[in-house]
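>>> Let's see this in three dimensions:
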Amino acid sequence: MKVTKAQAQANRAHVVETASELFRERGFDGIGVADLMAAAGFTHGGFYKHFGSKADLMAEAMACGIAQTTALSEGVGASEFVEHYLSREHRDARSTGCTMAALGADAARQSELVRVAFADGVENLVATLIRKNGASAAADAAQARSWILDTLAHAVGALVLSRACPDDSALADEFLAAGRAAILESLRPKQATKAAPRRRSAG
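Numbers count the residues shown, from 1 in each chain. All right, here's what the predicted structure looks like:
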């Protein structure tokens, strides 16, 4: 039976979503095309009807994963997002968790195509976070971008280091707790410091 154009698009999207989860769980080199297609419920031969190469699928799967993180960030407040991101639950959910933490190191060793997809995905996430935080003026937007990049680096780094530790390691939880506490502290409104009044000299 001939597959309709709509069904072919749905099949392709399903392969991308399946690959996104499996790549996050096993890494780009941890699973081959045949196993990916089997996991999605298709034959190996159907792969090249949708993708020119595994690198093409890797790039789309990475974009798909980062888009999921971006969508999640839009639905919750900053503190709630950080609480979830640096939680034990997220740490242990590799296949459905943050693509930046799961595949950042892998992406650095891949082709330009994959690295561009990574950078574009991060740029979309940063733009969403800037817009959500209401930065409009050029100076405000630049300051917000700098803060968001710094915060992402800390959050992703804490998650990566935690995952690199054994699951039952106290250090794994310490990385999460320390990163979470530091970022949440940075989210609290800063109190304006008032200069102490100068004493007048007698005379």
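>>> use CA for all of it now, contacts and neighbours both
Fine.
>>> Would you mark the buried spots in the lengthiest helix in the chain?
What stands out as the longest helix in the chain, according to DSSP state H, is helix 138-164. By neighbour count on 16 or more other Cα atoms under 10 Å, the buried set for helix 138-164 is 141, 144-145, 148, 151-152, 154-160, 162-163.
>>> by contact count, what packs against it?
Packed against helix 138-164 by the contact rule (3 or more Cα pairs under 8 Å, 6 or more residues apart in numbering; DSSP states H and E) you find helix 88-92, helix 99-107, helix 112-132, helix 170-187.
>>> what's the longest one packed up against?
Using 3+ Cα pairs under 8 Å, 6+ apart, the elements in contact with helix 112-132 are helix 54-75, helix 99-107, helix 138-164.
>>> Throw these into a markdown table and include distance to Asp173 and mean pLDDT, thanks.
Shown next, in a markdown table, are the helices and strands packed on helix 112-132 (distance: least, Cα to Cα, whole Å; pLDDT from 0 to 100):
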| stretch | distance to Asp173 | mean pLDDT |
| --- | --- | --- |
| helix 54-75 | 22 | 93 |
| helix 99-107 | 16 | 96 |
| helix 138-164 | 7 | 92 |
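>>> Show me the one of those helices that comes nearest His44.
Proximity to His44 (Cα to Cα) singles out helix 54-75 among the helices and strands packed on helix 112-132, at 11.9 Å.
>>> I am finished for the moment; much appreciated.
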